[in-house]
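> this one's sequence-less:
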C-alpha cells in the first residue's frame with residue numbers, strides 16, 4: 001500500500017486537531033510533522049498519536065522552519081483565516097502538496113497570488129471544503145446531473161450556526177473569530193454553502209459567477225449575549241459583523257445563487273441547501289424532493305403534493321446516492337461531521353499518492369474565497385453590485401465539469 005507523509009500546520013482544537021485526529025483513521029496517511037505557535041497544542045496532538053499507536057511526529061513552532069526541514073509529501077493547513085494565503089503560497093513554492101482548510105479571502109490580490117503560485121509551480125493544491133462531500137449535497141448533485149430537476153434556475157444555501165459562545169470566548173480559547181467579528185462586516189464564511197452549489201452549477205467549468213450584491217442587518221446578537229453572560233469587557237466593543245448577511249450572486253448561465261450567513265443569533269445548525277429547477281427542487285432542511293408530478297386539492301385550489309415531498313429525499317438514495325455513502329460504516333458516521341470529513345481526506349491523500357487532478361482546485365478556492373471581501377465592499381456601499389473576477393482567465397468556457405467523486409462508480 002502506498003502511503004503519504006503528511007504534516008499539519010495549525011492544530012487548533014476546533015479544526016486543525018480534529019483533522020489530524022481523523023487522519024489517524026486513514027491507513028494511507030502517515031502523520032510526519034506537527035506545527036503550531038502554541039506548544040501545548042502540539043503536545044496534545046503528540047499525546048493522541050501515542051494513544052493510537054502512531055509514531056511520534058517532528059515538532060515545529062515556525063511554519064517556515066517546518067517547510068524547510070520537514071520530510072513530508074503534503075501539508076494540511078488549518079491556521080486562522082488571515083494566515084492561509086501566505087502559508088499556502090510558501091508551501092507551494094517549497095513543492096509540498098497542500099490541502100487548505102476553508103475560509104474567506106481578504107483581497108483580490110490574495111486570490112490571484114494563490115492562482116499564480118499554483119500555475120507557476122505546478123504543485124498540487126486542494127481546497128478542503130468538506131460540505132462538497134456531504135450526503136445531501138452529493139445526492140442533489142447527482143440528481144441534477146441526471147436531469148431530474150430540469151434546468152436549474154436558482155440555488156441557495158446558508159451557514160446558520162450559533163457561534164456566540166465560541167466568539168466571545170475567543171481570547172481565552174485563542175480563537176481568531178472574535179477579532180474578525182469586531183473588525184469586519186461581510187459574508188465571512190461562504191464556502192460551506194457555496195462550494196456544493198458551485199459544483200451543481202458547474203462554476204469554473206462551463207459557467208461562472210459574474211457579480212454579487214450583499215446586505216447586512218444590524219449587529220445586536222453578540223452584544224446582548226455578552227451582557228447576559230456578564231462579559232463586561234465587551235461593554236464598549238462595537239461589533240461590526242451583522243447578525244444576518246444576505247448575498248445574491250448572478251451567474252453567466254443566468255442562474256442566481258442566494259447565500260445567508262447567520263452565526264450570532266440563537267438557532268439550530270442549518271445549511272439550508274436547496275436547488276430549484278424547471279421540473280422540481282431539492283431541499284436539504286426538510287429532506288424534501290419535489291418532482292413536477294402529482295397535485296393535491298386544498299379548499300378547492302390545486303397545489304403541489306407537499307405531503308409526498310416532505311422527507312422524501314431518502315427514497316431517491318438507492319438510485320442516486322454515491323456508492324461510498326451507501327457503504328459507509330456506522331463507526332465512520334461518527335467521525336468528522338457525519339462522515340464527510342473522512343471522504344474528503346481520503347480523496348485528498350489519494351490524489352497526492354496517485355498524482356490525480358484535485359477535485360476542488362485553486363480556481364474553485366479563489367472564486368469561493370473572493371465572496372468575503374466582495375461582500376464586505378458591497379455592504380459598505382449600501383448593497384452596490386460588485387463584479388466577481390474570472391480567476392480562470394476565460395478557461396471556464398472550455399473546462400469540463402468535474403465532481404468531487406465519480407457518480408458512476
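Okay, I see it. Since the structure is predicted, the reported quantities are computational estimates derived from the model, not experimental observations. Residues are numbered from 1 along each chain as shown.
> Which residue ranges of the stretch 251-400 of the chain form strands?
256-262, 274-277, 280-283, 288-291, 295-298, 301-304, 386-387 (DSSP state E, counting those that start in this stretch).
> got it, and the stretch 51-200 of the chain?
Along the stretch 51-200 of the chain, counting by DSSP E, counting those that start in this stretch, strands occupy 58-60, 74-77, 97-101, 125-128, 152-160.
> Out of the ones you listed, which gets nearest to residue 370?
Comparison of the strands of the stretch 51-200 of the chain against residue 370 by Cβ to Cβ identifies strand 125-128 as nearest, at 12.6 Å. Heads up, the C-betas are built off the backbone N, CA and C, glycines and all.
> part of a helix, is residue 248?
No - looking at residue 248 with DSSP: H, G, I helix; E, B strand; the rest coil, it is strand, so not inside a helix.
> Can you check which helix is longest in this protein?
Identified as the longest helix of the chain according to DSSP state H is helix 362-380.
> can you give me the angle that helix makes with strand 256-262?
70 degrees (axes from the mean of the first three to the mean of the last three Cα atoms, to 10 degrees).
> For helix 362-380, buried residues please.
Neighbour-count burial for helix 362-380, counted by 16 or more other Cβ atoms under 10 Å, picks out 362-376, 378-379.
> quick one: the nearest residue to residue 405 once chain neighbours are set aside from residue 313, how far?
Nearest non-adjacent residue to residue 405, counting by Cβ to Cβ, 6 or more residues apart in numbering: residue 322, 5.4 Å away. Distance of residue 322 to residue 313, given as Cβ to Cβ, to the nearest Å: 14 Å.
> can you give me the mean pLDDT across the longest helix of the chain?
The pLDDT scores in helix 362-380 average 98.
> Equivalent analysis for stretch 58-66, please.
Mean per-residue pLDDT for stretch 58-66: 98.
> what's that stretch in contact with?
7, 9, 32-37, 39, 42, 46, 69-70, 75, 79, 87, 90 (Cβ atoms under 8 Å, 6 or more residues apart in numbering).
> quick one: the nearest residue to residue 82 once chain neighbours are set aside and residue 278, what's the gap?
Once flanking residues are discounted, residue 82 sits nearest to residue 106: 6.6 Å by Cβ to Cβ, 6+ apart. Residue 106 is 38 Å from residue 278, where distance means Cβ to Cβ.
> more crowded one of those two?
residue 106 (19 against 10; other Cβ atoms under 10 Å).
> For that one, give me its contacts.
81, 82, 85, 372, 373.
> Would you convert these into JSON lines that also reports distance to residue 113?
Putting the contacts of residue 106 into JSON lines (distance: Cβ to Cβ, whole Å) gives the following:
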{"residue": "81", "distance to residue 113": "15"}
{"residue": "82", "distance to residue 113": "14"}
{"residue": "85", "distance to residue 113": "6"}
{"residue": "372", "distance to residue 113": "15"}
{"residue": "373", "distance to residue 113": "13"}
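> between those, which is nearest residue 2?
For those, the nearest to residue 2 is residue 85 (30.3 Å; Cβ to Cβ).
> Double-check the closest one against residue 115; I have them as touching.
No - using Cβ atoms under 8 Å, residue 85 is not in contact with residue 115; the gap is 10.8 Å.
> ok, those two, which is more surrounded?
Using other Cβ under 10 Å, the more surrounded residue of residue 85 and residue 115 is residue 85, with 23 against 20.
> and the more buried one, what does it touch?
Residue 85 neighbours (Cβ under 8 Å, 6+ apart): 105, 106, 110, 113, 114.
> name the helices or strands packed onto the longest helix of the chain?
helix 108-121, strand 125-128, helix 191-200, strand 209-216, strand 244-251, strand 386-387 (3 or more Cβ pairs under 8 Å, 6 or more residues apart in numbering; DSSP states H and E).
> Please repeat the previous calculation with a cut-off of 6 Å.
Judged by 3 or more Cβ pairs under 6 Å, 6 or more residues apart in numbering; DSSP states H and E, helix 362-380 is in contact with helix 108-121, strand 125-128, strand 209-216, strand 386-387.
> partner strands of the last one, parallel or antiparallel?
Take DSSP bridges as the rule and strand 386-387 pairs in its sheet with strand 209-216 (antiparallel).
> Give me the contacts around the strand it pairs with.
185, 242, 245-252, 374-375, 378-379, 383, 385-388 (Cβ atoms under 6 Å, 6 or more residues apart in numbering).
> Noted, bye for now.
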